[in-house]
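*Asks:* Return atomic coordinates for the entry below.
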Amino acid sequence: MLYLTRLLWLLLCLVYSVNGQAEAAAEFFGRHGSSHTNNWAVLVCASRYWFNYRHMSNALGMYRTVKRLGIPDSNIILMLADDAACNPRNKYPGCVYSSSAKTLDLYGDNIEVDYRGYEVTVENFLRVLTGRVEPSVPRSKRLLTDDRSNVFVYMTGHGGNEFLKFQDNEEISAFDIADAVAQMWEKKRYNELFFMIDTCQANSMYSKFYSPNVLATGSSLVHENSYSHENDRDIGVAVIDSYTHYVLQFMEGINKTSQATMQDLFDTYDPDKINSHPGVRSDLYPRSLKDALVTDFFGGVAQAEVLPPLEASQSFATEQAPTSSPEAHTSTNSDVDSSAPYAENVTEFDEIGVLESETFLAAIAQTRDSVLGTPLTREARAWAASAIVLSLTGWIASRK
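*Replies:* Model (predicted):
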């Protein structure tokens, strides 16, 4: 009889385990998160010269963080004067530190600077954002984003009310950045964009944004300065800014699978520690800050865009393609240079249809309901299975 009781409990646990796994799968596919499929980061240190060492440290700290959380170098655009690591006044040649303890070299051996020295200009920055680059610019210097990309833009340097200086030579205004982001949206160059800036009067730099799906934060109010965090007597200058220091301190507790949200990040802002009043602008951002994960912008996603089967997508594209006249086909085919190598092998392909995330989730929900049933149906099936198990157990006991 003890054996039968153990068998009964085992079967009951199995029934509820299967039901629980089905519920977990349903919750996973039905959750409302970011629909992006790739992450990019644009990190800009707009200063140069030795006494602006801390701005280089700010940018390199962010660079290290996004790489640690999964964004590869191919998806990071780093703009850096790069004149501190090998400066003759640097007591530690080839190194950049963000604390007087010098426990972590931010420069190291694994850093890729895309725009260095006098390449860090307002024009190049705006060209990177909008994609209006010369054909000769290599892919490593291009922001190759699409409408499924989450983009993180970080800027640091000396600024004022609605402007940021670039290497004490030129300025970029809040209007310039707002218009560049608007072009990005019109050209479908981002899904969501997170803008962060550490400079004096930083919050004025995102005041002119008007494009959708933009979340922004800054280190200080209008008419308020941002301050450095720590001075190093060996190096002789400040090594990091206060706002960036506390952001990076929070990020050190984040890993690739962290469920920390942007609201959690913003809740750590303490004006008494930072010595300024950071701001957040979320009126253009459609999601709740409690639903937006920190890794939606600082991390590299491991998601895949689901496409329909090849045969189905080709038939769908054929059915949806508008009918055209023979003249149209003639003009299209005439664009192919017959003198080019392998011109006879050029084939005209139909565009593969892309299954939108909403459609996919709806299909998942419909399939789940059709296969597993509604929650009430699944509960009834679980109880029915339990009743069958009890009946079988009683029948076996009665025969013995």
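*Asks:* Only C-alpha atoms from now on, for both contacts and neighbour counts.
*Replies:* Will do.
*Asks:* all helices of this protein, in order?
*Replies:* Using DSSP state H, the helices found in the chain span residues 2-30, 53-68, 122-130, 174-186, 242-251, 262-267, 271-274, 295-298, 310-320, 326-334, 357-372, 375-399.
*Asks:* Pick out the shakiest of the ones you listed, pLDDT-wise.
*Replies:* Mean pLDDT per stretch puts helix 326-334 lowest among the helices of the chain, at a mean of 41.
*Asks:* Report the central residue of the chain.
*Replies:* Among the residues of the chain, Phe297 comes closest to the average C-alpha position under CA atoms, centre = their mean, at 3.0 Å.
*Asks:* residue contacts, that one?
*Replies:* Phe297 makes contacts with Asn39, Trp40, Asn150, Val151, Phe152, Leu193, Phe194, as judged by CA atoms under 8 Å, 6 or more residues apart in numbering.
*Asks:* okay, now the nearest residue to the first one once chain neighbours are set aside: neighbour count?
*Replies:* It stands for Asn39. Among residues not flanking Asn39 along the chain, Asn150 sits closest, at 5.0 Å (CA to CA, 6 or more residues apart in numbering). Counted by other CA atoms under 10 Å, the residues lying close to Asn150 total 28.
*Asks:* Ok, Gly70 next?
*Replies:* 17.
*Asks:* Would you mind confirming that it is in contact with Asn255?
*Replies:* No. Using CA atoms under 8 Å, Gly70 makes no contact with Asn255, being 9.2 Å away.
*Asks:* ok, Asp147 - contacts?
*Replies:* For Asp147, the contacting residues are Lys188, Arg189, Tyr190, Asn191, by CA under 8 Å, 6+ apart.
*Asks:* If burial is judged by neighbour count, which of the residues you listed pass?
*Replies:* Arg189, Tyr190, Asn191 (16 or more other CA atoms under 10 Å).
*Asks:* so can I have TSV of the residues you listed showing distance to Met251?
*Replies:* Converted to TSV, the buried ones among the contacts of Asp147 look like this (distance: CA to CA, whole Å):
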residue	distance to Met251
Arg189	26
Tyr190	23
Asn191	23
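*Asks:* Provide a complete list of residue ranges assigned to strands in the stretch 201-350 of the chain.
*Replies:* Ranges of strands within the stretch 201-350 of the chain are 214-218, 228-232, 237-241, 279-281, based on DSSP state E, counting those that start in this stretch.
*Asks:* For those strands, give me a markdown table that also has distance to Thr65.
*Replies:* Output for the strands of the stretch 201-350 of the chain, formatted as a markdown table (distance: least, CA to CA, whole Å):
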| stretch | distance to Thr65 |
| --- | --- |
| strand 214-218 | 18 |
| strand 228-232 | 19 |
| strand 237-241 | 15 |
| strand 279-281 | 21 |
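*Asks:* need those strands in CSV with mean neighbour count, mean pLDDT and distance to Tyr115, can you?
*Replies:* What follows is these, written out as CSV (neighbours: other CA atoms under 10 Å; pLDDT from 0 to 100; distance: least, CA to CA, whole Å):
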stretch, mean neighbour count, mean pLDDT, distance to Tyr115
strand 214-218, 23, 98, 24
strand 228-232, 18, 92, 25
strand 237-241, 23, 96, 21
strand 279-281, 16, 97, 29
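*Asks:* Compare those and give me the one nearest Ile172.
*Replies:* Smallest distance to Ile172 across these (CA to CA): 15.9 Å, for strand 214-218.
*Asks:* For that closest one, name the packing helices and strands.
*Replies:* strand 192-198, strand 279-281 (3 or more CA pairs under 8 Å, 6 or more residues apart in numbering; DSSP states H and E).
*Asks:* residues making contact with it?
*Replies:* 192-199, 202-203, 206, 278-285.
*Asks:* Now do it against helix 174-186, angle only.
*Replies:* Interaxial angle of strand 214-218 relative to helix 174-186 (axes from the mean of the first three to the mean of the last three CA atoms, to 10 degrees): 150 degrees.
*Asks:* Pairing partners for strand 214-218, with directions?
*Replies:* strand 192-198 (parallel), strand 279-281 (antiparallel) (DSSP bridges).
*Asks:* Tell me which of these sits nearest to Glu162.
*Replies:* Nearest of these to Glu162, taken as CA to CA: strand 192-198 at 11.8 Å.
*Asks:* Report the rounded mean pLDDT for the closest one.
*Replies:* Per-residue scores along strand 192-198 average to 98.
*Asks:* List the contacts of that strand.
*Replies:* For strand 192-198, the external contacting residues (CA under 8 Å, 6+ apart) are 36, 149-157, 203, 205-206, 213-220, 226, 241, 243-244, 297.
*Asks:* Show me which parts of stretch 251-271 are buried, residue by residue.
*Replies:* By neighbour count on 16+ other CA under 10 Å, the buried set for stretch 251-271 is Met251, Ile254, Asn255, Lys256, Ala260, Thr261, Met262, Asp264, Leu265, Tyr269.
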